[in-house]
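Peer 1: compute the structure for the input listed below.
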Amino acid sequence: MEDKKWEHRITSGLTGVILSFILLAAFGGLAIWFRVSQNDAIIIGRILVIFAALAFSLALYRAIFFKVLIDKNGFFYQTAPGNGRYYNYHEIRRMWISSGKEATAQEMTYCNFETKGGRILRFFFMGINSDAVDYLIERVEAAKTDDIGKAKETDNEIIISGKVQGGQRLAVVVFIFAILLLLTDSLVKQGLPPITAILPIVMAAVSIVMMVFHNLFYKIQIQKDGFYCRTNPFDGKYYKYSNITKCKLIEERKKFGSVRGSGTRETRYFYFLVFADTTNKTRRILYNKALFEREMNILLSRIEQAQR
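Peer 2: Residues are numbered from 1 along each chain as shown. Next up, the predicted model:
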């Protein structure tokens, strides 16, 4: 595949690999200096090395395995060892872009595509690859010859699941939890009271439980005449579109931190589906706009159509 002449190439590049390697080398040198000088901060140096090594490993992994190679007839898509596949444009039912801010205010943009078998895949891209993604979408649109590909989405079932990227987020939280345990054990051995580490450990443990619950139970199933909504094991409910009295998608910005002294406040972004039914009960459903912008717009469109 690498020898083929491609119109566009989308890869992660080497910038992340180089920067993370520089950090790894710097923190590694710091940890060695702590050890040689018998500095009590050696545990901090080790933790910094672990984080830098993880960042370097992830950057190297993505640089090696992530690629989207585009030509006139189709594209090759790979995100992990052994899952690379070439798709002809006529195999793709639709392709679209979704974007939104993470809670940290970082703008995330994804190119999403659905195969004619119903499988939805996506990849993150940056502005430097916008021309390549635009070309890809144009070729997919030009290849649509059947009524299914060109039909307006009014009846097909769409599922929003907490499992999308859920495993990655859970792995990060578990890793942080392990680091906290390592740090706590070291500090306790140096005489620090264990009670001082209980709060961060409890917070990390609660985060893990919440992530597991989100992966297992978060689900919005959008159907022809209504939708099923569930965010935990106990609040699952089916709503007919005709029973929804109001519905909207909102963005909320919340500031965290203190402005006292030289402190600054960080702005975090949250996206909600807010709706009420004929019982006048209002629900607020948090969702990831960067991943599910199109799906939520379709849900809103079906509700508005039923109201009309």
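Peer 1: only C-alpha atoms for contact and neighbour calcs from this point on.
Peer 2: Noted.
Peer 1: hey, where'd the strands end up in the stretch 51-200 of the chain?
Peer 2: All strands of the stretch 51-200 of the chain, identified by DSSP state E, counting those that start in this stretch, fall at 67-70, 74-78, 85-88, 92-101, 107-115, 120-124, 158-161.
Peer 1: for the nearest residue to residue 213 once chain neighbours are set aside, grab phi and psi.
Peer 2: Nearest non-adjacent residue to residue 213, counting by C-alpha to C-alpha, 6 or more residues apart in numbering: residue 232, 6.6 Å away. Backbone torsions of residue 232, given as degrees, to the nearest 10, read phi -150, psi 180.
Peer 1: am I right that residue 221 is in contact with residue 231?
Peer 2: No: using C-alpha atoms under 8 Å, residue 221 is not in contact with residue 231, being 11.6 Å away.
Peer 1: compare these two (neighbour count), which wins?
Peer 2: Legend: neighbour count by other C-alpha atoms under 10 Å for residue 221 and residue 231, higher for residue 231 (20 against 17).
Peer 1: so for the more buried one, what's the pLDDT?
Peer 2: The model reports residue 231 with a pLDDT of 95.
Peer 1: please shift the residue numbers so they start at 154 in all later answers.
Peer 2: Sure thing, new numbering starts at 154, so read that last one as residue 384.
Peer 1: can you name the residues that contact it?
Peer 2: Contacts for residue 384 (C-alpha atoms under 8 Å, 6 or more residues apart in numbering) come out as 367, 370, 371, 372, 438.
Peer 1: hmm, back to that, show me what contacts the residue nearest to residue 366?
Peer 2: The contact partners of residue 385, taken as C-alpha under 8 Å, 6+ apart, are 366, 367, 370, 371.
Peer 1: over to residue 315?
Peer 2: Contacts of residue 315 (C-alpha under 8 Å, 6+ apart): 367, 368, 369, 370, 371, 372.
Peer 1: from memory the fourth one sits against residue 383, does it?
Peer 2: Yes: proximity of residue 370 to residue 383 meets the contact threshold set by C-alpha under 8 Å, at 6.6 Å.
Peer 1: for residue 183, see how far away the most far-flung residue of the chain relative to its centre is.
Peer 2: Most distant residue from the mean C-alpha position of the chain: residue 190, 41.9 Å away (C-alpha atoms, centre = their mean). Here residue 190 is placed at a distance of 11 Å from residue 183 (C-alpha to C-alpha, to the nearest Å).
Peer 1: hmm, back to that, need the phi and psi values for the residue farthest from the centre of the chain.
Peer 2: Main-chain torsions, residue 190, degrees, to the nearest 10: phi -90, psi 0.
Peer 1: point out where the chain drops to low pLDDT.
Peer 2: 154-156, 298-307, 347, 349-350, 410-416 (pLDDT under 70).
Peer 1: domain map for it?
Peer 2: If you go by automatic domain parsing, the domain ranges for the chain are 154-218, 316-370, 375-461.
Peer 1: would you turn those into CSV with distance to residue 225?
Peer 2: Putting the domains of the chain into CSV (distance: least, C-alpha to C-alpha, whole Å) gives the following:
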stretch, distance to residue 225
domain 154-218, 7
domain 316-370, 30
domain 375-461, 26
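Peer 1: against residue 401, how distant is the closest residue to residue 163 other than its chain neighbours?
Peer 2: Counting by C-alpha to C-alpha, 6+ apart, residue 163 lies nearest to residue 221, which is 5.0 Å off, once chain neighbours are set aside. Using C-alpha to C-alpha, residue 221 is found at 35 Å from residue 401.
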